[in-house]
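# Have a look at this fold, sequence not included:
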């Protein structure tokens, strides 16, 4: 049984991310889009656990969502998830913190 990301060491998270990236690339190369999206979401989640103690997310700030043509205005944080409102449709959403890119990073 695999450990939860929250229980993994940084080295284990990095190995998991490498594996997910390889699986995602294979799915992308073979046009298995749904599978690609699942692997990449898991990659971002694993990365979120890796960076959670070093990243600073500002409440009320709007961030670009990686791999999406959308922004999220962050209202609160829960663990490694940022909750807020999507710019595209004003829907409430949660995304892994690793998916947030500051406007000057995009």
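Good, I have the coordinates. For clarity, every value in this text was computed on a predicted model and none was experimentally measured.

# contacts, neighbours, all on C-alpha from now
Fine.

# So which residue is dead centre in the chain?
Residue closest to the mean C-alpha point of the chain, counted by C-alpha atoms, centre = their mean, is residue 44 at 3.3 Å.

# buried ones in the strand or helix carrying that one?
Here residue 44, judged by DSSP states H and E, is contained in helix 33-51. Going by neighbour count (16 or more other C-alpha atoms under 10 Å), the buried part of helix 33-51 is 36, 39-50.

# all helices of this structure, in order?
When secondary structure is read from DSSP state H, the chain shows helices at 10-29, 33-51.

# Domain parsing of this protein, as residue ranges.
5-51, 62-101 (automatic domain parsing).

# Would you mind measuring the gap between the ends of the last one?
This stretch, domain 62-101, spans 9 Å end to end (C-alpha to C-alpha, to the nearest Å).

# can you check the first one too?
Length of domain 5-51, first residue to last, C-alpha to C-alpha: 12 Å.

# Show me what stretch 42-54 is in contact with.
With contacts defined as C-alpha atoms under 8 Å, 6 or more residues apart in numbering, stretch 42-54 is touched by 5-6, 10, 13-14, 16-17, 20-21, 80, 96-99.

# again, only using 10 Å
The list of residues contacting stretch 42-54 from outside it, by C-alpha atoms under 10 Å, 6 or more residues apart in numbering, reads 4-21, 24, 37, 39-41, 55, 66, 79-81, 95-100.

# All set, thanks.
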